[in-house]
Structures are given as structure tokens and as C-alpha cells.
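Student: structure here, sequence nowhere to be found:
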């Protein structure tokens, strides 16, 4: 407990020192306020854009949540299937790796042309963006499960569902959580990209408008909101990771 408080204190002091140094540099005129405003100016900008930014952030997070659920279902389900069925993995995995390595921005114009403007292309693009990291990681995790554990479970008469529940799933939990952390970041990035470049309503559109208007304090404030939301989401996944780690130990 004391160590955790000490870590939090160090983190708080580090952030405070960084903000004070930033404020000092900005007030000394060492940076152009048109591009790098002082933290005090950013703080004042929250009041000017608060309502619009929060509304845009809500739209973005809603689309991100939908895309994330779809990406997790596709990524985890597809990874379990490809990892468990060797012939299917050998046939499909080269295409999965090729698509994973391809810049997803290349398919964005086709998605917009096919689905038009609105929330749908943002959700579809973000789902594609987030599903592949999860799919690749889960496939590798299932493939690399210790075969001795599987052999022992089968020797004790474990059925297929018991094999997955008692052996495979506990073994791949860390990798699944790692994929989910990557997936949420990629889904949020995908939604923001579509909102920025396709003019879809949301936080990406707000950021793009502020950047085009050279409203640096407001742009920094909006960016800080997105960053704070991302941090909260990742920390929530860390809590889920701790709980699943306990379940993993109980199952084993």
C-alpha cells in the first residue's frame, strides 16, 4: 500500500513538474504560442469548447465501443478457430498476416464510397483496424499452448469444452488481454481517422476543425480530453486483467 502511494506521489510530482516547466517556457517566449500554448491557456480553453468537445467525445466513444465489441468478438473467436484448426490456419494465416501488415488507411476511401458518410463507415473501419491485432495475437497464443497440458487433460477424459475452459482459455488470458489493450487503442484511432478525413461528426471532426482554425489552446484541450479518456479505458482493462488473473489461478 505504501509503495503504491509512493508511486502515485512520484507520478503526480512528475506531471506537476512537467506542467510548470512547460508554463515557464511558454511565458518566457521560447516557443510560439500560436503552436504551443501555455498550460494556463489550455486550461482556459476547456471552458470555451467544453460542451462541444464533450458531445464530440461522447459520439466518438460510442462508435469506438461498438467497433471494439465487434473487433473482440471477431479477433478472439477467429483466433480460437485458426489456432485450434491447423489446416484452416495454414490456409488462411498468410492472408491474415498480409492484411494485418497492409496500411488500413488504403481501404478507407472504399469504405466511405460503399457506406457513405455517417457512423457506419467509422464503426466498420475501426472494427477492421482493431480486429487484426487481436486475431493475430490470439491465433499465436492458441497455437503455442503447451501440448503436454492438452495431452494430460485428454488422458483424464476431458471433453472438448472442458479442454478449452480448463486449459486453453487460462493459458491464453494474458495474450487476449494484451490484444484487447491494443484493440481498444486501434479502434479509437480508427474512429478518429474517419471523423477527421471523412467529416463525420465526433471528436476527430472537432480536432480537425480546431487545427484548421489554428486554435492551439482549444486543440490542446480537446487532445487532453481524448488522452484522458484513453487512459481511463486502459486502466479499466488493467483492472479486468487483474480479475481474470485471479480466475486463471482459481481454474488452475
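Tutor: Thanks, I have it. Just so it is clear, the model here is predicted, and its values are computed rather than measured. Numbering: from 1, shown residues only.
Student: in the protein, which spans are helices?
Tutor: 2-27, 39-84, 86-101, 108-115, 119-143, 147-155, 160-163, 169-197, 203-212, 216-251 (DSSP state H).
Student: of those helices, which stretch is the most buried?
Tutor: Of all the helices of the chain, helix 119-143 has the most neighbours on average by mean count of other CB atoms under 10 Å, namely a mean of 24. C-beta here means a position set from N, CA and C on the backbone, and glycine is covered the same way.
Student: now do it, average pLDDT.
Tutor: The average pLDDT within helix 119-143 is 90.
Student: and it, what does it pack against?
Tutor: Where contact means 3 or more CB pairs under 8 Å, 6 or more residues apart in numbering; DSSP states H and E, helix 119-143 is packed against helix 39-84, helix 86-101, helix 108-115, helix 169-197.
Student: just to revisit the earlier point, export the helices of the chain as CSV, with columns for distance to residue 33.
Tutor: As requested, the helices of the chain are exported to CSV (distance: least, CB to CB, whole Å):
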stretch, distance to residue 33
helix 2-27, 6
helix 39-84, 7
helix 86-101, 41
helix 108-115, 34
helix 119-143, 33
helix 147-155, 60
helix 160-163, 62
helix 169-197, 24
helix 203-212, 15
helix 216-251, 7
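Student: still on that earlier bit, let's have the helices and strands packed on helix 119-143 in TSV, adding distance to residue 14 and mean pLDDT.
Tutor: TSV is the format used below for those (distance: least, CB to CB, whole Å; pLDDT from 0 to 100):
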stretch	distance to residue 14	mean pLDDT
helix 39-84	15	89
helix 86-101	35	85
helix 108-115	37	86
helix 169-197	23	87
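Student: format those helices as TSV; extra columns: distance to residue 204.
Tutor: Converted to TSV, these look like this (distance: least, CB to CB, whole Å):
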stretch	distance to residue 204
helix 39-84	7
helix 86-101	23
helix 108-115	12
helix 169-197	3
